[in-house]
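A.B. asks: From the sequence below, what's the structure:
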Amino acid sequence: MCFRPPSIVKPAKCPDCGTVNPPTKKICSKCQADLTITQINPINWFDIPVNDLLRARTFYETVFGYSLTINETETPNRAYFPFTPAITGTSGSLVKADGYTPSETGCIVYLLVKDIPETLAKIEANGGKILQSQTAMGDLGFIAHFQDCEGNRVGLYTTTMAAKMNPVNWFEIPVNDLMKAKNFYKTVFSYSLPSSSKMGKLDMVWFPMKPKTPGTCGSLVKADGYIPAETGNVVYLSVNDIPGTLVKIEANGGKTLQPQTELGELGFIAHFQDCEGNRVGLYKHK
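C.D. replies: Presented below is the predicted three-dimensional model:
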(Lines give C-alpha, C1' and ligand atoms only; values in the text may rest on other atoms or scores of the structure.)
Protein backbone atom coordinates (compact mmCIF):
# COMPACT_ATOMS: atom_id res chain seq x y z
CA MET A 1 0.00 0.00 0.00
CA CYS A 2 2.02 2.95 -1.29
CA PHE A 3 0.96 5.89 0.86
CA ARG A 4 3.71 8.18 -0.41
CA PRO A 5 5.25 9.10 -3.78
CA PRO A 6 8.63 7.52 -4.68
CA SER A 7 11.55 9.21 -2.96
CA ILE A 8 14.70 10.35 -4.73
CA VAL A 9 17.98 8.46 -4.34
CA LYS A 10 19.82 9.82 -1.32
CA PRO A 11 23.18 9.15 0.37
CA ALA A 12 23.09 6.09 2.64
CA LYS A 13 23.11 6.93 6.36
CA CYS A 14 24.76 4.18 8.38
CA PRO A 15 22.18 2.76 10.83
CA ASP A 16 24.96 1.90 13.28
CA CYS A 17 27.13 5.04 13.53
CA GLY A 18 25.13 7.61 11.54
CA THR A 19 27.87 8.38 9.01
CA VAL A 20 26.53 9.62 5.65
CA ASN A 21 27.94 7.56 2.78
CA PRO A 22 27.55 7.91 -1.01
CA PRO A 23 24.56 5.94 -2.39
CA THR A 24 26.91 3.54 -4.21
CA LYS A 25 28.88 2.45 -1.13
CA LYS A 26 28.13 -0.95 0.43
CA ILE A 27 30.34 -0.67 3.55
CA CYS A 28 30.29 2.27 5.96
CA SER A 29 33.46 4.36 5.57
CA LYS A 30 33.66 4.89 9.36
CA CYS A 31 32.50 1.74 11.19
CA GLN A 32 32.54 -0.77 8.30
CA ALA A 33 28.91 -1.74 8.86
CA ASP A 34 27.07 -3.46 6.01
CA LEU A 35 25.13 -0.69 4.22
CA THR A 36 23.25 -3.09 1.95
CA ILE A 37 20.64 -3.23 4.71
CA THR A 38 19.71 0.31 3.65
CA GLN A 39 18.87 -0.96 0.16
CA ILE A 40 15.75 -2.77 1.34
CA ASN A 41 12.56 -1.55 2.97
CA PRO A 42 12.27 -1.87 6.78
CA ILE A 43 10.22 -5.09 6.92
CA ASN A 44 11.45 -8.39 5.49
CA TRP A 45 9.33 -10.93 7.38
CA PHE A 46 6.08 -11.38 9.32
CA ASP A 47 4.78 -14.02 11.75
CA ILE A 48 1.11 -14.80 12.43
CA PRO A 49 0.70 -16.72 15.73
CA VAL A 50 -1.61 -19.74 15.76
CA ASN A 51 -2.92 -22.30 18.24
CA ASP A 52 -3.60 -24.98 15.63
CA LEU A 53 -1.08 -24.95 12.76
CA LEU A 54 -2.95 -27.34 10.47
CA ARG A 55 -6.28 -25.56 10.99
CA ALA A 56 -4.67 -22.18 10.26
CA ARG A 57 -2.86 -23.51 7.18
CA THR A 58 -6.16 -24.85 5.83
CA PHE A 59 -7.84 -21.48 6.48
CA TYR A 60 -5.22 -19.44 4.60
CA GLU A 61 -4.87 -21.94 1.76
CA THR A 62 -8.64 -22.14 1.26
CA VAL A 63 -9.33 -18.40 1.49
CA PHE A 64 -6.33 -17.04 -0.42
CA GLY A 65 -5.32 -19.94 -2.66
CA TYR A 66 -1.83 -20.06 -1.16
CA SER A 67 0.26 -23.21 -0.94
CA LEU A 68 1.84 -23.12 2.52
CA THR A 69 4.82 -25.33 3.34
CA ILE A 70 5.32 -26.92 6.76
CA ASN A 71 8.72 -28.03 8.01
CA GLU A 72 7.87 -30.39 10.86
CA THR A 73 11.49 -30.69 12.01
CA GLU A 74 11.72 -27.01 12.96
CA THR A 75 11.18 -25.46 16.36
CA PRO A 76 9.04 -23.42 16.50
CA ASN A 77 6.63 -25.11 14.09
CA ARG A 78 5.98 -22.94 11.03
CA ALA A 79 3.89 -22.97 7.88
CA TYR A 80 5.56 -20.73 5.28
CA PHE A 81 3.66 -18.44 2.91
CA PRO A 82 4.82 -18.50 -0.74
CA PHE A 83 7.72 -16.24 -1.64
CA THR A 84 9.01 -14.97 -4.98
CA PRO A 85 12.62 -13.70 -4.82
CA ALA A 86 13.48 -10.37 -6.44
CA ILE A 87 9.82 -9.26 -6.24
CA THR A 88 8.72 -6.43 -3.96
CA GLY A 89 6.67 -7.18 -0.88
CA THR A 90 7.34 -9.51 2.03
CA SER A 91 6.67 -13.13 2.93
CA GLY A 92 6.26 -14.78 6.33
CA SER A 93 4.79 -17.70 8.23
CA LEU A 94 2.19 -19.05 10.58
CA VAL A 95 3.86 -19.91 13.89
CA LYS A 96 2.90 -22.24 16.73
CA ALA A 97 5.21 -21.85 19.73
CA ASP A 98 5.36 -20.69 23.34
CA GLY A 99 5.05 -16.91 23.48
CA TYR A 100 3.22 -16.65 20.13
CA THR A 101 -0.34 -15.76 21.10
CA PRO A 102 -3.04 -14.89 18.53
CA SER A 103 -4.63 -11.49 19.17
CA GLU A 104 -7.01 -8.95 17.66
CA THR A 105 -4.77 -6.12 18.90
CA GLY A 106 -1.18 -5.22 18.09
CA CYS A 107 0.65 -5.06 14.76
CA ILE A 108 -1.32 -5.53 11.55
CA VAL A 109 -0.04 -7.07 8.31
CA TYR A 110 -1.90 -6.60 5.03
CA LEU A 111 -2.35 -9.42 2.52
CA LEU A 112 -2.73 -8.50 -1.14
CA VAL A 113 -5.89 -9.72 -2.87
CA LYS A 114 -7.63 -9.01 -6.17
CA ASP A 115 -11.18 -8.76 -4.78
CA ILE A 116 -11.80 -7.71 -1.16
CA PRO A 117 -15.59 -8.41 -0.99
CA GLU A 118 -15.11 -11.87 -2.50
CA THR A 119 -12.25 -12.59 -0.09
CA LEU A 120 -14.31 -11.44 2.90
CA ALA A 121 -17.09 -13.83 1.84
CA LYS A 122 -14.57 -16.71 1.81
CA ILE A 123 -13.24 -15.63 5.19
CA GLU A 124 -16.68 -15.79 6.80
CA ALA A 125 -17.41 -19.11 5.11
CA ASN A 126 -14.25 -20.60 6.62
CA GLY A 127 -14.53 -19.52 10.24
CA GLY A 128 -13.24 -15.97 10.06
CA LYS A 129 -14.98 -12.68 10.86
CA ILE A 130 -15.16 -9.26 9.17
CA LEU A 131 -13.84 -6.50 11.45
CA GLN A 132 -13.79 -3.67 8.90
CA SER A 133 -15.50 -3.91 5.52
CA GLN A 134 -13.92 -2.63 2.31
CA THR A 135 -12.82 0.98 2.80
CA ALA A 136 -11.66 3.30 0.01
CA MET A 137 -8.25 4.98 0.41
CA GLY A 138 -8.65 7.37 -2.52
CA ASP A 139 -6.22 6.72 -5.37
CA LEU A 140 -4.29 4.31 -3.14
CA GLY A 141 -6.84 1.49 -3.40
CA PHE A 142 -8.96 -0.28 -0.78
CA ILE A 143 -8.39 -1.96 2.59
CA ALA A 144 -10.35 -4.16 5.00
CA HIS A 145 -9.69 -5.97 8.30
CA PHE A 146 -10.69 -9.49 9.29
CA GLN A 147 -10.25 -11.87 12.21
CA ASP A 148 -8.80 -15.21 11.14
CA CYS A 149 -9.66 -18.66 12.52
CA GLU A 150 -7.07 -18.20 15.29
CA GLY A 151 -8.25 -14.78 16.50
CA ASN A 152 -5.67 -12.55 14.78
CA ARG A 153 -6.62 -9.27 13.15
CA VAL A 154 -5.21 -9.20 9.60
CA GLY A 155 -5.61 -6.63 6.82
CA LEU A 156 -6.57 -6.96 3.16
CA TYR A 157 -5.38 -4.61 0.44
CA THR A 158 -6.18 -4.46 -3.26
CA THR A 159 -4.48 -2.68 -6.13
CA THR A 160 -3.81 -3.42 -9.80
CA MET A 161 -0.30 -4.53 -8.78
CA ALA A 162 -1.53 -7.22 -6.38
CA ALA A 163 -0.65 -10.16 -8.62
CA LYS A 164 2.97 -9.02 -9.01
CA MET A 165 3.99 -8.87 -5.36
CA ASN A 166 4.69 -11.12 -2.39
CA PRO A 167 1.85 -11.68 0.13
CA VAL A 168 2.48 -8.68 2.39
CA ASN A 169 3.00 -5.13 1.13
CA TRP A 170 2.25 -3.03 4.23
CA PHE A 171 2.38 -3.15 8.02
CA GLU A 172 0.94 -0.99 10.77
CA ILE A 173 2.18 -0.62 14.36
CA PRO A 174 -0.53 0.76 16.70
CA VAL A 175 0.45 3.52 19.13
CA ASN A 176 -1.12 5.57 21.92
CA ASP A 177 1.39 8.44 21.72
CA LEU A 178 2.40 9.07 18.11
CA MET A 179 5.24 11.50 18.82
CA LYS A 180 6.74 9.32 21.56
CA ALA A 181 6.67 6.32 19.24
CA LYS A 182 8.14 8.35 16.37
CA ASN A 183 11.07 9.45 18.56
CA PHE A 184 11.60 5.87 19.76
CA TYR A 185 11.90 4.39 16.25
CA LYS A 186 13.86 7.37 14.94
CA THR A 187 16.40 7.17 17.78
CA VAL A 188 16.80 3.40 17.91
CA PHE A 189 16.87 2.65 14.18
CA SER A 190 18.19 5.96 12.75
CA TYR A 191 15.15 6.20 10.47
CA SER A 192 14.29 9.50 8.86
CA LEU A 193 10.63 9.79 9.83
CA PRO A 194 8.40 12.59 8.45
CA SER A 195 5.82 14.61 10.33
CA SER A 196 2.53 12.88 11.02
CA SER A 197 -0.14 12.84 8.32
CA LYS A 198 -3.84 12.17 8.46
CA MET A 199 -5.37 9.49 6.23
CA GLY A 200 -9.09 9.57 6.89
CA LYS A 201 -9.47 8.82 10.62
CA LEU A 202 -5.89 7.54 10.90
CA ASP A 203 -3.00 9.61 12.27
CA MET A 204 0.09 8.08 10.69
CA VAL A 205 3.88 8.40 10.64
CA TRP A 206 5.43 6.53 7.70
CA PHE A 207 8.63 4.53 7.82
CA PRO A 208 11.15 5.21 5.02
CA MET A 209 10.26 3.57 1.72
CA LYS A 210 12.41 2.48 -1.24
CA PRO A 211 10.22 1.85 -4.30
CA LYS A 212 10.95 -1.21 -6.46
CA THR A 213 13.22 -2.77 -3.82
CA PRO A 214 12.70 -5.89 -1.66
CA GLY A 215 10.92 -5.71 1.66
CA THR A 216 7.84 -3.86 2.83
CA CYS A 217 7.15 -0.42 4.26
CA GLY A 218 4.55 0.65 6.80
CA SER A 219 3.58 3.15 9.44
CA LEU A 220 2.88 3.98 13.04
CA VAL A 221 -0.87 4.49 13.48
CA LYS A 222 -2.96 6.22 16.14
CA ALA A 223 -6.71 5.71 15.75
CA ASP A 224 -9.73 4.13 17.40
CA GLY A 225 -9.43 0.36 17.26
CA TYR A 226 -5.63 0.38 16.93
CA ILE A 227 -4.41 -1.02 20.25
CA PRO A 228 -0.74 -1.76 21.02
CA ALA A 229 -0.19 -5.36 22.21
CA GLU A 230 2.53 -7.87 22.99
CA THR A 231 0.43 -10.62 21.42
CA GLY A 232 -0.71 -11.12 17.84
CA ASN A 233 1.13 -10.56 14.56
CA VAL A 234 4.87 -9.87 14.61
CA VAL A 235 6.71 -7.80 12.02
CA TYR A 236 10.51 -7.92 11.70
CA LEU A 237 12.75 -4.88 11.18
CA SER A 238 16.07 -5.48 9.41
CA VAL A 239 19.20 -4.36 11.32
CA ASN A 240 22.96 -4.78 11.06
CA ASP A 241 23.61 -5.50 14.75
CA ILE A 242 20.94 -7.15 16.91
CA PRO A 243 22.74 -6.93 20.30
CA GLY A 244 23.64 -3.29 19.68
CA THR A 245 20.06 -2.50 18.67
CA LEU A 246 18.67 -4.19 21.79
CA VAL A 247 20.92 -1.96 23.92
CA LYS A 248 19.47 1.12 22.17
CA ILE A 249 15.94 -0.23 22.63
CA GLU A 250 16.35 -0.64 26.39
CA ALA A 251 18.02 2.77 26.66
CA ASN A 252 14.99 4.37 25.02
CA GLY A 253 12.15 2.83 27.00
CA GLY A 254 11.82 -0.54 25.26
CA LYS A 255 12.36 -4.05 26.59
CA THR A 256 14.07 -7.19 25.29
CA LEU A 257 11.58 -10.06 25.04
CA GLN A 258 13.81 -12.57 23.22
CA PRO A 259 17.58 -12.08 22.85
CA GLN A 260 19.42 -12.79 19.62
CA THR A 261 18.53 -16.30 18.43
CA GLU A 262 20.26 -18.11 15.56
CA LEU A 263 18.14 -19.60 12.78
CA GLY A 264 20.90 -21.56 11.11
CA GLU A 265 21.69 -20.39 7.58
CA LEU A 266 18.71 -18.02 7.66
CA GLY A 267 20.41 -15.60 10.05
CA PHE A 268 19.39 -14.24 13.47
CA ILE A 269 16.23 -12.87 15.09
CA ALA A 270 15.19 -11.22 18.36
CA HIS A 271 11.98 -9.79 19.83
CA PHE A 272 11.49 -6.55 21.72
CA GLN A 273 8.66 -4.55 23.28
CA ASP A 274 8.57 -0.98 22.01
CA CYS A 275 7.67 2.13 24.00
CA GLU A 276 3.96 1.56 23.23
CA GLY A 277 3.81 -2.09 24.31
CA ASN A 278 3.97 -3.76 20.88
CA ARG A 279 6.06 -6.88 20.31
CA VAL A 280 8.28 -6.31 17.26
CA GLY A 281 10.99 -8.50 15.74
CA LEU A 282 14.56 -7.82 14.66
CA TYR A 283 16.26 -9.69 11.83
CA LYS A 284 19.86 -9.90 10.63
CA HIS A 285 21.02 -12.00 7.71
CA LYS A 286 24.23 -14.01 7.88
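
A.B. asks: Against residue 230, how distant is the closest residue to residue 270 other than its chain neighbours?
C.D. replies: Nearest non-adjacent residue to residue 270, counting by C-beta to C-beta, 6 or more residues apart in numbering: residue 282, 4.5 Å away. For every residue, glycine as well, the C-beta is placed using N, CA and C. Here the criterion is C-beta to C-beta, to the nearest Å. By it, residue 282 lies 15 Å from residue 230.

A.B. asks: Counting neighbours, go ahead and name the busier of these two.
C.D. replies: residue 282 (23 against 19; other C-beta atoms under 10 Å).

A.B. asks: Can you give me the buried ones in stretch 156-173?
C.D. replies: Across stretch 156-173, burial judged by 16 or more other C-beta atoms under 10 Å covers 156-159, 162, 165-173.

A.B. asks: picking that back up, so how far is residue 220 from the residue nearest to residue 270?
C.D. replies: Residue 282 sits 17 Å away from residue 220, taking C-beta to C-beta as the criterion.

A.B. asks: Same check on residue 136?
C.D. replies: Taking C-beta to C-beta, one finds residue 136 at 22 Å from residue 220.

A.B. asks: Out of those two, name the residue with the larger neighbour count.
C.D. replies: Neighbour totals were compared for residue 136 and residue 220, and residue 220 leads with 27 against 10 (other C-beta under 10 Å).

A.B. asks: Quick check: which element contains that one?
C.D. replies: Using DSSP states H and E, residue 220 falls within strand 217-222.

A.B. asks: Chain neighbours aside, what residue packs nearest to the spatially most central residue of the chain?
C.D. replies: Closest to where the C-alpha atoms of the chain average out (C-alpha atoms, centre = their mean) is residue 235, at 3.6 Å. Spatial nearest neighbour of residue 235, excluding adjacent residues (C-beta to C-beta, 6+ apart): residue 171 at 4.6 Å.

A.B. asks: what's downstream of whichever helix or strand the one you found is part of, the next helix or strand?
C.D. replies: For residue 171, the element it lies in under DSSP H and E is strand 168-174. As assigned by DSSP H and E, the chain's next helix or strand after strand 168-174 is helix 178-189.

A.B. asks: which residues are contacting the helix or strand following that next one?
C.D. replies: Using DSSP H and E, the next helix or strand after helix 178-189 towards the C-terminus is strand 197-199. Here strand 197-199 makes contact (C-beta atoms under 8 Å, 6 or more residues apart in numbering) with 3, 137, 203, 204, 205, 206.

A.B. asks: By neighbour count, which of those wins?
C.D. replies: residue 205 (22 neighbours).

A.B. asks: correct me, but that residue touches residue 192?
C.D. replies: No. Using C-beta atoms under 8 Å, residue 205 is not in contact with residue 192; the gap is 11.2 Å.

A.B. asks: Now residue 30. Nearest residue, chain neighbours left out?
C.D. replies: Spatially, and ignoring its direct neighbours in sequence, residue 30 is nearest to residue 19 (4.1 Å; C-beta to C-beta, 6+ apart).

A.B. asks: residue contacts, the one you found?
C.D. replies: Here residue 19 is in contact with 13, 28, 29, 30, 31 (C-beta under 8 Å, 6+ apart).

A.B. asks: What subset of those residues is buried?
C.D. replies: Buried positions within the contacts of residue 19, assessed by neighbour count (16+ other C-beta under 10 Å), are 13, 28.
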